[in-house]
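Colleague: coordinates only, sequence not included:
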């Protein structure tokens, strides 16, 4: 199916949500999204810590 371009509507008709949720590729995409979200949260927490340290040093 490489190179196949379908509209979202067509894609959903061919592959209902129940089928997609069982797909290995779909699960990989979800996992990658979770990993990216976790990394973003870690970076945000690190930035908050640095900001607090900087603010404490200014006082």
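Modeller: Nice, I can see it. Bear in mind that the values here come from a model prediction, so they are computed numbers and not experimental data.

Colleague: Helix or strand: which one has the residue most central in space within the chain?
Modeller: When Cα atoms, centre = their mean is applied to the chain, the residue found nearest the centroid is residue 33 (2.2 Å). According to DSSP states H and E, residue 33 maps onto helix 24-58.

Colleague: model confidence over that helix, on average?
Modeller: For helix 24-58, mean pLDDT is 92.

Colleague: returning to that earlier point: gap between the residue nearest to the centre of the chain and residue 42?
Modeller: Residue 33 is 15 Å from residue 42, where distance means Cβ to Cβ, to the nearest Å. Where C-beta positions appear, they are placed from N, C-alpha and C, glycine not excepted.

Colleague: likewise residue 7?
Modeller: Plainly put, residue 7 is 36 Å away from residue 42 if you go by Cβ to Cβ.

Colleague: And residue 55, by the same measure?
Modeller: 21 Å.

Colleague: Likewise for residue 18?
Modeller: Distance, residue 18 to residue 42, by Cβ to Cβ: 33 Å.

Colleague: which one of these two has more residues nearby?
Modeller: Neighbour count, other Cβ atoms under 10 Å: between residue 18 and residue 42, residue 42 has more, with 10 against 7.

Colleague: quick one: that one from residue 30, how far?
Modeller: In terms of Cβ to Cβ, residue 42 sits 19 Å off from residue 30.
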